[in-house]
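**Q** model this:
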Amino acid sequence: MLNEQHSTTITLPRGTLDLTYQTNSATTKNGLQQDDHYQLEDLLGFAQRINPKRAFLFVSKVLGRHIPVAPSTMRHAFTDLADLIPSDLPEPVLVIGMAETAVGLSAGVHQALQTRYPQALLLNSTRHAQHDEKSDANGTDALLTTFCEDHSHASQHLIYQSQDTVTQEQLLASKTLIMVDDEASTGNTCVNVVTALRQAGLTQLEQVHLTTLVDWSLDQEDTNQQADGVKPAKMSDRLTGIEFHRHHLLSGAWQWTDAPNPEPITMPSVDTTAAGSQTLGDTGNWGRFPTLNSIDGFDNYLSSFQTAFTRLDGQESFDVTQLPKRILVLGSNEFVWLPFLLAEWLETESKNLNSNIDSIVNFSALTRSPIALGGAITTLLSFSDNYGLGMTNFSYNVDPTEWDLIVLCVETGADSVDAIWRGLDNVLVVSPTL
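**A** Numbering: from 1, shown residues only. Reported below is the predicted structural model:
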């Protein structure tokens, strides 16, 4: 595979980000080269974190998190990334995604991989402790392990095990771990995850595949990520006894230089793994616990949308022809996979109804991640979270006046949503039946 080398400098209020990166002249699918390839501007914008640990943020244009994007664009990226993963992996295979940003990405990669690995498990980390899953009938703790994402605004992650005996045995017998994240910048999180899982009982791991949209950790020795003047060891040397591989749509290295006398910042308090006071509705199992079937629960959630839309539209029954032309679907925090599937369904229905270019369905999500205005972040809304955690949530690059309908998808009750959303005439809150 031929690679083209590039470099660029991004200037942000608190410093400069120097990038060297390479784009693939062709992607590889099952050993065959494809014509598709991604440029930096296709995948990323840049912004400033409100975070003293790290001042910059890679803002994905294909993830549907901070920038609204068509579900079809997201699906294309999911599939292209999954197609880079080999077809001869030792099984059982475990796909694990990083909360909150990559839980939809991991489900999309997992779903694409199941055409080749139908028994692959999906498991996402979470920052939401589960109310009713503290132990099974035998008193076994449902929490498998925890790990830290050192640079994050919310560093602590939880990983739950299965209370189904067969699924749990398969989880512990995993031989291949596919760790999915939006980006890798040092590789530390991957090492932390693998170390935690091995200590928790996944002792048969033979291969780890770090699978990211963009990987900035390929040339760690050229970055400023040093501790006490010592450069970090390469990933392949940090995971002893495991065969390590990387898959990504674009790769490179970064170096950050602080601006002279940068203004001090205060990060909002968002680092919690508490359950919150709001009860979670039944949305099936899309990865907070190990699952083979990530679309479990979608049919019911689609029905919830259709019922809510029917009430909003004043119809006796759901009429797809009444869908407006400009629809934005918003997931909420980690609850993004079923909302994405809903957005994908709406995009398909909308295209069938409207052949003109005015018809559009986009997807994005509410988040706890604090980001400053500027760069890739053009608008910002802040409001109280819907989990009853008492912390601020955000929505980026969303102007409610630009949409005929905003479908706000939550896994809590409809009345848990901040009044800033419930007060808008074009917002439809979709909640599971509690």
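
**Q** hey, what's Val429 bridged with?
**A** Beta bridges link Val429 to Leu408 when assigned by DSSP bridges.

**Q** distance of it from Ala414?
**A** 5 Å (C-beta to C-beta, to the nearest Å). For every residue, glycine as well, the C-beta is placed using N, CA and C.

**Q** overlap of the contact sets of these two?
**A** Arg422 (C-beta atoms under 8 Å, 6 or more residues apart in numbering).

**Q** with neighbour numbers in mind, choose between these two.
**A** The residue with more neighbours, out of Val429 and Ala414, is Val429; 22 against 18, by other C-beta atoms under 10 Å.

**Q** ok, now how distant is that one from Leu330?
**A** Distance from Val429 to Leu330, by C-beta to C-beta: 10 Å.

**Q** what's the answer for His157, then?
**A** 23 Å.

**Q** these two: which is more packed in?
**A** Neighbours were counted for His157 and for Leu330 using other C-beta under 10 Å; Leu330 has more, 26 against 23.

**Q** buried ones in stretch 349-366?
**A** 350, 359-366 (16 or more other C-beta atoms under 10 Å).

**Q** same thing with stretch 288-303?
**A** With burial defined by 16+ other C-beta under 10 Å, the residues of stretch 288-303 counted as buried are 288-291, 294, 297-298, 301-302.

**Q** state the mean pLDDT of it.
**A** Here stretch 288-303 scores 95 as its mean pLDDT.

**Q** contacts for it?
**A** Taking C-beta under 8 Å, 6+ apart as the rule, stretch 288-303 contacts 94, 107, 110-111, 119-124, 126, 128, 130, 133, 142, 160-163, 167-168, 170-171, 282-287, 334, 337-339, 341-342, 345, 409, 430, 432-433.

**Q** what bridges to Ser364?
**A** Leu330.

**Q** likewise for Leu94?
**A** Counting by DSSP bridges, Leu94 is bridged to Leu121, Leu177.

**Q** mind listing what it touches?
**A** When contacts are counted by C-beta under 8 Å, 6+ apart, Leu94 is found next to 120-121, 123, 171, 174, 176-178, 202, 290.

**Q** mark which of these are buried, thanks.
**A** Buried among the contacts of Leu94 by 16+ other C-beta under 10 Å: 120-121, 123, 171, 174, 176-178, 202, 290.

**Q** I'd guessed Ala70 sits against Phe363; true?
**A** Yes - between Ala70 and Phe363 there is a contact at 7.5 Å, judged by C-beta atoms under 8 Å.

**Q** give me the low-pLDDT residue ranges for the stretch 201-350 of the chain?
**A** Along the stretch 201-350 of the chain, segments meeting pLDDT under 70 span 219-233, 236, 267-271.
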